[in-house]
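> Show me how the following folds:
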Amino acid sequence: MNINIIAIIKAAILSGAPLLYGTSGEILTQKSGNMNLGVEGLMFMGGAFGLCGAFVYSNVAGANAIPLVAVIIAIICSFLAGVLGSLIFSFLTITLKANQNVTGLALTIFGTGVGQFVGELMRIGVGGNVSIPNNMKDVFANSPLPAFLRNIPVLGELLFSYNMFVYMGIIIVVIMWHFLNKTRKGLYLRAVGESPATADAAGINVEKYRYLATCIGGGISAMGGMVYIMTISGCVWNHTALSGEGWIAVALVIFCFWRPLNALWGSVLFGALSILYLKLPIPFLPTQIYKIVPYIATVLVLIFVSMKENREDQPPAGLGVNYFREDR
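Just a heads-up that it's a prediction; the model follows:
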């Protein structure tokens, strides 16, 4: 059996790109002390609204449609969908002090339902599969970098042949790392996640930081759903495509020890696990069992992290705990 290592690495990176967005967005959210378990719902909303935005634009503009504009519209629509879902979550948990775990699970159900509704509404409207013109698909799927870089032997294929969302995800993670570790506002956000009472006593607006981190983080996570639909699913709505992606992203947050840069290799690792059955088939192993490897790895990761005692590898001390100012 011939094994193409470069092809496996490329497939792992492309498959891991949606997870990179979902994980990095949730890291930002959890750094504020909010545990949003609704990433699955946010990714469904992002995928449906991202495709819907590009689809409606292509229909309205017709032959005059500009592919790059469709990409921008898809990004904006998916991000705003995630912000809206996270705003609902924030209002319930930050303002009304609802239980974060229960609210996050409710958001998963709500977001998945909204995404399915929008996707099916588009499908019924066109009487078939919802898709966009091929010239737009090419912009979503192909590398935006110059041909001479892509044509470099080995390195060109390994480093410069991915769609724009892979590079955008890397940029977002690096900016997030710099914000959390090198800026004053980032340190304030981490203080809110570690000890909201102490941060409040120091004059930091706890509600403001939690609202902003949760909504922006939710928007980034929702973009992961759009990336999946517009790249891996070929710009065609598939109501089962995103199932499980959000839960893996939540587990990856723990696997990466709440560090944005770790999400880079963590997403690639889990991306590889999700495509191994296609690239490295094992004759005696049923495909159905092979496909559950990422979920088995997720369980093992959770067990492993729970056993670690190093404080630096633990979640923010205030994670999942609502802050009541009167109890300060």
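
> Okay, now the unreliable bits of the stretch 201-328 of the chain?
Along the stretch 201-328 of the chain, the parts satisfying pLDDT under 70 run over 308-313, 326-328.

> For it, just list every one of the helices.
Remark: helices assigned in the stretch 201-328 of the chain by DSSP state H, counting those that start in this stretch are 206-227, 245-255, 262-279, 287-291, 293-307.

> can you redo these as CSV with distance to Met164 and mean neighbour count?
(C-beta placed from N, C-alpha, C; glycine too.) CSV is the format used below for the helices of the stretch 201-328 of the chain (distance: least, CB to CB, whole Å; neighbours: other CB atoms under 10 Å):
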stretch, distance to Met164, mean neighbour count
helix 206-227, 10, 26
helix 245-255, 20, 25
helix 262-279, 16, 20
helix 287-291, 28, 12
helix 293-307, 25, 14
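
> Output those in a markdown table; the columns should cover distance to Met43.
What follows is those, written out as a markdown table (distance: least, CB to CB, whole Å):
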| stretch | distance to Met43 |
| --- | --- |
| helix 206-227 | 3 |
| helix 245-255 | 5 |
| helix 262-279 | 13 |
| helix 287-291 | 19 |
| helix 293-307 | 15 |
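
> Among the ones you listed, which comes closest to Lys137?
The closest of the helices of the stretch 201-328 of the chain to Lys137 is helix 206-227. By CB to CB, the value is 13.7 Å.

> and the closest one, how far from the chain's centre?
Remark: helix 206-227 is offset 10 Å from the chain centroid, using CA atoms, centre = their mean, to the nearest Å.

> Equivalent analysis for stretch 162-176, please.
On the basis of CA atoms, centre = their mean, stretch 162-176 sits 12 Å off its chain's mean C-alpha point.

> Give me the contact list for that stretch.
For stretch 162-176, contacts defined as CB atoms under 8 Å, 6 or more residues apart in numbering pick out 10, 13-14, 17, 20-21, 24, 27-28, 71, 140-144, 220, 227, 230-231, 260-261, 263-264.

> Next, the buried residues of that stretch.
162-170, 172-173, 176 (16 or more other CB atoms under 10 Å).

> what sits against Gly266?
Counted by CB under 8 Å, 6+ apart, Gly266 has contacts 19, 23, 252, 255-256.

> ok, for it, nearest residue in space, not its chain neighbours?
In space, and not counting its chain neighbours, Gly266 is closest to Cys256: 4.6 Å by CB to CB, 6 or more residues apart in numbering.

> how near is the one you found to Leu264?
As judged by CB to CB, to the nearest Å, Cys256 and Leu264 stand 9 Å apart.

> Please export the C-alpha coordinates of the helix or strand hosting Gly156 as CSV.
Using DSSP states H and E, Gly156 falls within helix 155-159. Extracted C-alpha coordinates of helix 155-159, given in CSV (Å, rounded to 0.1, in the frame of the first residue of the first chain):
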residue,chain,number,x,y,z
LEU,A,155,7.3,23.0,0.5
GLY,A,156,4.8,24.6,-2.0
GLU,A,157,2.3,21.8,-1.5
LEU,A,158,2.9,21.6,2.3
LEU,A,159,2.8,25.4,3.1
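
> residue contacts, the closest residue to Val301 other than its chain neighbours?
Nearest-residue entry for Val301: Phe255, 4.5 Å, with adjacent residues in sequence omitted and distances by CB to CB, 6+ apart. Applying CB under 8 Å, 6+ apart to Phe255 gives the contacts 262, 266, 301, 305.

> What separation do you get for the closest residue to the first one other than its chain neighbours and Val173?
Spatially, and ignoring its direct neighbours in sequence, Asn262 is nearest to Cys256 (3.6 Å; CB to CB, 6+ apart). As defined by CB to CB, Cys256 lies at a distance of 10 Å from Val173.

> overlap in contacts of these two?
The contact sets of Cys256 and Val173 overlap at Ala263 (CB under 8 Å, 6+ apart).

> distance of Ile171 from Ala70?
Distance, Ile171 to Ala70, using CB to CB: 21 Å.

> One more: Pro260?
According to CB to CB, Pro260 and Ala70 sit 29 Å apart.

> Just want to know which of the two has more residues nearby.
Remark: of Pro260 and Ala70, Ala70 carries more neighbours, 26 against 23, as counted by other CB atoms under 10 Å.

> Name the secondary structure element that contains the more buried one.
Using DSSP H and E, Ala70 maps to helix 67-90.

> Check the offset of that helix from the chain's centre.
How far helix 67-90 lies from its chain's middle: 12 Å, per CA atoms, centre = their mean.

> try stretch 261-275
12 Å.

> just stretch 192-208 next, same as before
The chain centre lies 27 Å from the centre of stretch 192-208; the measure is CA atoms, centre = their mean.
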